[in-house]
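[1] return atomic coordinates for the entry below.
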Amino acid sequence: MSFQAYIDNIYTKTNKTPDDFLQAAKAKGLIAPDVKVMQIVNWLKDEYGLGHGHAMAIVQSFKNAGAYPVEKK
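    Below is the predicted model:
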C-alpha cells in the first residue's frame, strides 16, 4: 500500500487530514523534544482507532511537514 493510500484510508475512517492530526498533537503537547514516536502512535491508536501502520503514516506526515522530531535546545 502506498503512503497516499494510507492517508486516504485514514481520512475515510476519521474524516481528518494529516494537518488535523498535527494540530491535535500540538494541542496535546505531543510535538515536543521529549516525546517519542510510540507515544504519538499509541495516542493515535487509542484516540482514533488507527492501526499501527496507519499511525506510523501519520507520524511520517509530521516528519514530512518538518514538525517532528523537534530539535532539542
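[2] so is Leu30 in a helix, a strand, or just coil?
    On the three-state scheme (DSSP: H, G, I helix; E, B strand; the rest coil), Leu30 is labelled coil.
[3] please verify my assumption that it contacts Val41.
    No: judged on C-beta atoms under 8 Å, Leu30 makes no contact with Val41 at a distance of 10.3 Å. Every residue, glycine included, has its C-beta placed from N, CA and C.
[4] pLDDT value on Pro69, please?
    According to the prediction, Pro69 has pLDDT 80.
[5] measure it to Gln39 for me?
    12 Å (C-beta to C-beta, to the nearest Å).
[6] kindly report the same for Met56.
    13 Å.
[7] ok, those two, which is more surrounded?
    Met56 (17 against 14; other C-beta atoms under 10 Å).
[8] in which helix or strand does that one reside?
    Assigned by DSSP states H and E, Met56 falls within helix 52-64.
[9] mind jotting down where the helices sit in the chain?
    Using DSSP state H, the helices assigned to the chain run over residues 3-14, 18-27, 37-48, 52-64.
[10] what residues of the first one count as buried?
    By neighbour count with 16 or more other C-beta atoms under 10 Å, helix 3-14 contains the buried residues 6-7, 9-10, 14.
[11] so what does that helix touch, helix or strand wise?
    Secondary-structure packing of helix 3-14 (3 or more C-beta pairs under 8 Å, 6 or more residues apart in numbering; DSSP states H and E): helix 52-64.
[12] contacts for the helix it packs on, please.
    With C-beta atoms under 8 Å, 6 or more residues apart in numbering as the test, helix 52-64 has contacts from 1, 3, 6-7, 9-10, 13, 18, 21-22, 25, 31, 37, 40-41, 44-45, 50, 68-69.
[13] most tightly surrounded among the helices of the chain?
    Comparing the helices of the chain by mean neighbour count (mean count of other C-beta atoms under 10 Å), helix 52-64 ranks first with a mean of 18.
[14] okay, the angle between it and helix 37-48?
    Computed by axes from the mean of the first three to the mean of the last three C-alpha atoms, to 10 degrees, the angle separating helix 52-64 from helix 37-48 equals 120 degrees.
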